[in-house]
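A.B. asks: only geometry, no sequence info:
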């Protein structure tokens with residue numbers, strides 16, 4: 001499934017891997033904030049989330065890194081890139097419902 005399809009079908013969980021401060025400055029409604037440098041320490045928490053995990057950050061660099069890290073831990077996840085892009089896709093889904 002593409003990121004668009006995942007969001008349209010409300011499949012998975014959006015995980016924002018930016019810092020808590022960045023997240024507080026704006027984020028996708030309903031997303032979970034787990035900074036990329038805390039992923040391996042919070043594996044138990046991540047396992048409780050509905051997969052696939054849709055990972056996002058500010059510009060796509062950290063979400064790509066997070067995708068690599070989590071795939072090595074056998075998570076089903078996709079790189080969503082920028083949280084603004086994910087938010088846009090979510091807003092388009094809401095408009096068409």
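C.D. replies: That came through, no problem. These figures come from a predicted structure and were not determined experimentally.

A.B. asks: Let me see the contact set for residue 11.
C.D. replies: 1, 5, 50, 52 (Cβ atoms under 8 Å, 6 or more residues apart in numbering). From N, CA and C alone the C-beta is placed, and that goes for glycine too.

A.B. asks: Now list the buried members of the residues you listed.
C.D. replies: Among the contacts of residue 11, those scoring as buried are residue 52 (criterion: 16 or more other Cβ atoms under 10 Å).

A.B. asks: and the contacts of residue 11, which two are the farthest apart?
C.D. replies: 5 and 50 (15.2 Å; Cβ to Cβ).

A.B. asks: Give me the contact list for the helix or strand where residue 93 lies.
C.D. replies: Take DSSP states H and E as the rule and residue 93 turns out to sit in helix 83-96. Residues outside helix 83-96 that contact it (Cβ under 8 Å, 6+ apart) are 3-4, 7-8, 14, 16, 18, 26-29, 31, 54, 56-58, 80.

A.B. asks: The same query, at a cut-off of 6 Å, please.
C.D. replies: Contact with helix 83-96 is made by 4, 7, 8, 16, 27, 28, 56, 80, as judged by Cβ atoms under 6 Å, 6 or more residues apart in numbering.
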